[in-house]
Structures are given as C-alpha cells and as structure tokens.
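In: sequence-free structure coming up:
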C-alpha cells in the first residue's frame, strides 16, 4: 500500500474562493508527493494568516514560552516511535538519496540537539570591537574582522522568507525556530530535492501549539514560478536563501527588484588541515583518520561544510601518504556503518578513480586507495598543490604541506568561496592558524569530524544567523568551535565510535 505525503503546511482552516489544485509525483517506493498549485488569492490569504497569527501569538508570548514549545516538539522527534519521525524515516531515503542510517544517526540524533532551548543563541548582538581577539562565545571562540558598516536594519520584521537548498537536511526547521526568536512570521520554500521534512516539522509544532504553528507557511514551488516568487518577495521584510551560483544570480535580481534585503549563503569550499603533532604515533594517526572519515562520509560530501581536500603537515611520525592508507581503512569501516543511499554517485567515484589511475600508471606522484565496491575513493596527490574541487560522493584528496601556516597563502585566491576548515591542530598553534585563515575569508574552524555539525551560536558564512535576520553590518565573524581542542577531539572520537560501533553491532558486523 502506497503513501501520499503532503509537502506543504499552513493553517488548514483557511478557505479559498477558488479551490486549489494539486500535483502528485510518484517518486518510487510506493511514495507519492503532493504539492499545491498556488493562485494569487491563495498566497494572499496564506501570508495574511501568518501575519495575523504573528500579531495574535508572537506579540503576546515571550521568547521562553516559545522555546518551551520548540523543546516539546524536539522531544517528539527524538523519540524513534514518533509518527512524524516514522514518516520521515520511510520517505526521506527515497526523496533525498541518503541512506536510512545516515538520516537516523547523523540527522535526527544530532540535528535536534542544535535547536534545543539550552543551545540557542539568546545572548543578543555582539559588539565587534569587543571581539578583536578570539574571545569566548558559546562553548567556543569568535573574532570580528573588518569595520562595521550597517547596510540593513529592521528590529521588528513582520515576515521573513526562506529559500532552502536541498543539500542541508533540517534547514527549514532551523529557519522556523530562528524566526520565532525575533517575533517574525515565516514562509519557507522547501527544495525540490527534499520537500518533505519542513512540512512534517511544522505539523509537529501544530500538534503542540497550533497558534504558534500558524505563524508558519511551508510552500513548495518551482524557482521558475515568477508569480509566486514576486508576490512572496513583495510581502517580506527579509529573505534568507541558500543555494548555488544560479540561485545567487536570480535571487539577487529578485531582491533588488522588490527592494528586499537578501541574506544569501551560496556555494563554498571547505577542507581539513592536520598538524604534524597530531600524527606523532601510529595510534594517534589512526584516531585522526577515524574522525576524518566521518567528515568525508557525512551527507556524502553534499554540504558546503563538507571537506573537499585534506592538507597534512609533513614531519609527523606518520607521513601524509601513510595517513592516506589509514584513512582508506577507516572509510571502509565508516561506510559499512553509514552507507550511501540510492544517490550513490558511483559515476563520480569511478571518474576520480580512472583519472588518478592514469596519473599513477604514468609515474606521477600520486597513489589511489580505492573502495572495492566504488563507495569511496582516497587519493594521495603530490602532483598539484593547488586547491581542487572534489567530485564529492566520498572522494577525497590528501595533499602534503610543509607548514600549515603556508596554507592561507595557498588558498587565499578562493576568497569569498572559503567556509569551513576542519582541524586537528594542537591548541598552542590553533589560534594563530585560525587568525590567519580568518584574514583570508574562512568563517568556521571546527574540530575534525564536526564539520557538518553547526552549533547554534556559531556564525554562518561570517554572520550570526539570528543577528542576520534584523541587521547586516558587514562584519566578518570567525569561530572556533571549542576552547579545548584536545578535549573536543576525545569527545568527537567517542561520538564517532558510538555511531559506527552501534550501527555495525546492529548489522552483526
């Protein structure tokens, strides 16, 4: 028996003069996705409803009350027997192409911790001049670069719109929660690649508090639908968007047309850096390889925060080439625990294999460490020190570097495309490295294995997610996700082994 899943949400008590029609898409696996065909009248009533609900609810309830509701919703989702999670578990592997193991372990088990009440950023605006050196923020450190220059300021936004990319599972839920912290109504365009979770999360809010839920509208529509986009932008105080270069160009034009501030987050390049001290012994190197395998495997490298290359400082007890072999062993183990789904990217893996197999056979200083089943590929490459994009889908290059402090000059040309650097660097060298990276455009320094685990307090592409909703001031913020990287690496290793060992135990491996 098949399942039909609605990819939309708004107050269901709304009635339209012209009845909405719906499209149905069979995506296989007995799953049909249902989406509305919007009319101007329907959009007007939906937006009017979220505005009215904002006035009735958000303007009369304080933030702690809202956070209590969100916490109750998150408790629902952390229960594996919750019906919404069951629907997601049944549907998301088919919709997204990610494996159920990835969605359950790396998605549900960790995503909802990010938006727990105790973890949300409620400290208010940070003053850049108080953070001209790395200083405490959350459980990590931040530093402000550049001179503040306010280009947008609105401390009472009524409606905030969100256009979500399809490579970040759970983003729609994060945006809903952030908006409520600034008393704003929300519309969300969910991506065609993953149109399901946003509506499911909004419905779970409705189960706990219908009035809060009715400040939210989840709207699936094509990026080619000019009428819908024009109307929604015209009704918004700000739009936050994630996407690639095509989305950046189109949405920038749309925002300029309607004089709406656009908080854009576009295509980025991220990588891992490992200092020689962290490879002093074979055991230490093995542990770092374990952690690196999780960053490469998480979400099949589809996120902007996923590493595309690994730079390893020479001079450690284990050489960069030897580390590549260790990483290959750990990639196999991690892939058994967190396998790829239907969107395996096998062609991309094979393309990478044949490209570097040819180089290796021609005597170039490269060595490939392939998966027997083409699930991943580790490449050791001395032939090109420059940054290169990965084919993704768990294809990773390892490149040696004489000194990690030489990396900023090497990657500086990427400029605004730089984002996250995963690190295994001792604390006595970390601040200087982070500072040099911040000066060239990097925004997030995260402990190795945590690259895809955004903490709610961290800046996102150099801007704090909450502050960005009401002010743009051109300050470039850089974060380090911990104040004690040694302790963080130990904790990350425990987390990684918990994920992998538990998954393999369930599979009898």
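Out: On my side now, so go ahead. Predicted, not measured: the structure shown is a model, and the values here were computed from it.
In: for the rest of this, base every contact and every neighbour count on C-alpha atoms.
Out: Fine.
In: which residues does stretch 22-34 contact?
Out: With CA atoms under 8 Å, 6 or more residues apart in numbering as the test, stretch 22-34 has contacts from 1-7, 35-37, 91, 94-95.
In: ok now it, how far from the chain's centre?
Out: Relative to the mean C-alpha coordinate of its chain, stretch 22-34 is positioned 26 Å out (CA atoms, centre = their mean, to the nearest Å).
In: likewise stretch 217-225?
Out: Using CA atoms, centre = their mean, the offset of stretch 217-225 from its chain centre is 21 Å.
In: returning to that earlier point: which of the contacts of stretch 22-34 fall in helices?
Out: 91, 94, 95 (DSSP state H).
In: for the first one, what are its contacts?
Out: Going by CA under 8 Å, 6+ apart, residue 91 touches residue 31.
In: now swap in the second one and tell me
Out: Counting by CA under 8 Å, 6+ apart, residue 94 makes contact with 27, 28, 29, 342.
In: how close does it sit to residue 100?
Out: To residue 100, residue 94 is 9 Å away according to CA to CA, to the nearest Å.
In: next, format the ones in helices among the contacts of stretch 22-34 as TSV and append distance to residue 45 and pLDDT.
Out: Shown next, in TSV, are these (distance: CA to CA, whole Å; pLDDT from 0 to 100):
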residue	distance to residue 45	pLDDT
91	30	93
94	33	92
95	29	91
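In: just put these in CSV and tack on distance to residue 83.
Out: What follows is the ones in helices among the contacts of stretch 22-34, written out as CSV (distance: CA to CA, whole Å):
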residue, distance to residue 83
91, 12
94, 18
95, 18
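In: and the longest helix belonging to the chain, what does it pack against?
Out: When the chain is parsed with DSSP H, its longest helix is helix 485-506. Judged by 3 or more CA pairs under 8 Å, 6 or more residues apart in numbering; DSSP states H and E, helix 485-506 is in contact with helix 282-297, helix 320-337, strand 444-447.
In: buried sites along the longest one?
Out: Neighbour counts over helix 320-337 (16 or more other CA atoms under 10 Å) mark 320-321, 323-337 as buried.
In: figure out how far that helix is from the centre of its chain.
Out: 24 Å.
In: show the contacting residues for the residue nearest to residue 290 when sequence neighbours are not counted.
Out: The shortest distance from residue 290 to any residue other than its chain neighbours is 5.5 Å, reached at residue 330 (CA to CA, 6 or more residues apart in numbering). With contact set as CA under 8 Å, 6+ apart, residue 330 has these partners: 289, 290, 293.
In: lowest average confidence, helix or strand, in this structure?
Out: helix 109-114 (a mean of 83; mean pLDDT, DSSP states H and E).
In: how about the helices in the stretch 101-250 of the chain?
Out: 109-114, 171-180, 197-208, 210-213, 226-234, 245-258 (DSSP state H, counting those that start in this stretch).
In: how near is the closest residue to residue 303 other than its chain neighbours to residue 243?
Out: Leaving aside its chain neighbours, residue 303 sits nearest to residue 167 (5.7 Å; criterion: CA to CA, 6+ apart). According to CA to CA, residue 167 stands 9 Å off from residue 243.
In: about what we covered before: and the pLDDT for the residue nearest to residue 290?
Out: In this model, residue 330 is scored at 98, pLDDT.
In: where does the stretch 51-200 of the chain have low pLDDT?
Out: Low-confidence segments of the stretch 51-200 of the chain (pLDDT under 70): 122-123.
In: domain parsing for this protein?
Out: 3-124+153-265, 269-506 (automatic domain parsing).
In: coming back round to it: quick one, which of the helices of the stretch 101-250 of the chain is nearest to residue 142?
Out: For residue 142, the closest of the helices of the stretch 101-250 of the chain is helix 109-114, at 18.1 Å, according to CA to CA.
In: does anything pack onto that closest one? Which helices or strands?
Out: Against helix 109-114 (3+ CA pairs under 8 Å, 6+ apart) you get no helix or strand.
In: could I get the buried residue list for it?
Out: For helix 109-114, a neighbour-count test (16+ other CA under 10 Å) marks 109, 111, 112, 113, 114 as buried.
In: tell me the helix or strand right after the host helix or strand of residue 347.
Out: Assigned by DSSP states H and E, residue 347 belongs to helix 346-361. With elements assigned by DSSP H and E, the helix or strand that comes after helix 346-361 is strand 366-370.
In: elements contacting that following strand?
Out: Short answer (3+ CA pairs under 8 Å, 6+ apart): strand 366-370 packs on helix 320-337, helix 346-361, strand 377-381.
In: pick out the shakiest of those, pLDDT-wise.
Out: Among these, helix 346-361 scores lowest, with a mean of 90.
In: what angle do that one and strand 377-381 make?
Out: Going by axes from the mean of the first three to the mean of the last three CA atoms, to 10 degrees, helix 346-361 is angled at 30 degrees with respect to strand 377-381.
In: and helix 346-361 with strand 366-370, angle?
Out: Counting by the same axes, to 10 degrees, helix 346-361 lies at 140 degrees to strand 366-370.
In: that older thread, could you dump the helices and strands packed on strand 366-370 to JSON lines with distance to residue 437?
Out: Listed next are these as JSON lines, based on distance: least, CA to CA, whole Å:
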{"stretch": "helix 320-337", "distance to residue 437": "22"}
{"stretch": "helix 346-361", "distance to residue 437": "29"}
{"stretch": "strand 377-381", "distance to residue 437": "23"}
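In: minimum distance to residue 394: which of those has it?
Out: strand 377-381 (6.4 Å).
In: that closest one: how far from the chain's middle?
Out: Counting by CA atoms, centre = their mean, strand 377-381 comes out at 25 Å from the chain centroid.
In: center of the chain - which residue?
Out: In the chain, the residue lying closest to the centroid (CA atoms, centre = their mean) is residue 168, at 4.6 Å.
In: okay but that one is in contact with residue 303, surely?
Out: Yes. Applying CA atoms under 8 Å, one finds residue 168 in contact with residue 303, separated by 6.4 Å.
In: overlap in contacts of those two?
Out: Shared contacts of residue 168 and residue 303, defined by CA under 8 Å, 6+ apart, are absent.
In: so residue 423, which of the three states?
Out: Taking DSSP: H, G, I helix; E, B strand; the rest coil as the rule, one finds residue 423 in the strand state.
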